[in-house]
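Asks: Got a predicted model here, sequence first, then my questions.
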Amino acid sequence: MGLAVALERLGALAVEGVTSYAPGETPDALGGAQLPALVIAPEWGGGWPGLEPSALAAGFGRLEARVAQVLLLAPVAAGGGSRGMLPALAAAIDAYMSALAADPTLGGALIQPARVRVAVGVAPYGGIDYHAATFAHEWVLRVAVSG
């Protein structure tokens with residue numbers, strides 16, 4: 001398994017009441033029926049460098065990756081304000097963390113459970129600002145030599 005499998009499995013994470021999108025299936029814009037939505041966006045992971053250098057041994061190596069998945073709840077322009085959206089965001093964050101806790105290695109794609117930081121705020125997507133929660137994942141994957 002590798003990074004592509006881990007990303008596919010993260011995109012398939014089933015969170016109650018939320019539409020999850022795999023990286024290759026994410027629409028350019030979201031309509032009301034598609035919200036709340038989870039999209040994978042590595043560039044939203046903050047100041048992290050992305051893929052980290054890894055020590056490799058014969059036939060085995062470790063790859064450390066940092067990936068962000070963002071839960072877009074509702075457009076900021078729709079009203080509600082940040083405080084008004086907090087209860088719905090908290091419920092969605094709880095549902096997300098429960099889903100991830102049920103499969104913290106993404107079906108064995110990770111060699112140790114994901115570490116996740118959460119930040120609540122506003123995230124732009126498709127030219128619209130959304131009330132959002134950003135889940136910044138830290139992963140450790142096994143890199144195997146293919147024969």
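Replies: Noted; the coordinates are in hand.
Asks: Which neighbouring elements make contact with the longest helix along the chain?
Replies: Scanning the chain for the helix with the most residues, using DSSP state H, yields helix 81-102. Using 3 or more Cβ pairs under 8 Å, 6 or more residues apart in numbering; DSSP states H and E as the contact criterion, the elements in contact with helix 81-102 are strand 60-75, strand 115-125, strand 128-144. Where C-beta positions appear, they are placed from N, C-alpha and C, glycine not excepted.
Asks: Need the residues that contact it.
Replies: Under the contact criterion Cβ atoms under 8 Å, 6 or more residues apart in numbering, helix 81-102 has outside partners 13-18, 36, 38, 71, 73-74, 114, 116, 118, 120-122, 131-133, 135.
Asks: tally of neighbours for residue 28?
Replies: Neighbour count of residue 28, defined by other Cβ atoms under 10 Å: 7.
Asks: Does it belong to a helix, a strand or coil?
Replies: coil (DSSP: H, G, I helix; E, B strand; the rest coil).
Asks: phi, psi of it?
Replies: Note on residue 28: its backbone torsions stand at phi -70, psi -30 [degrees, to the nearest 10].
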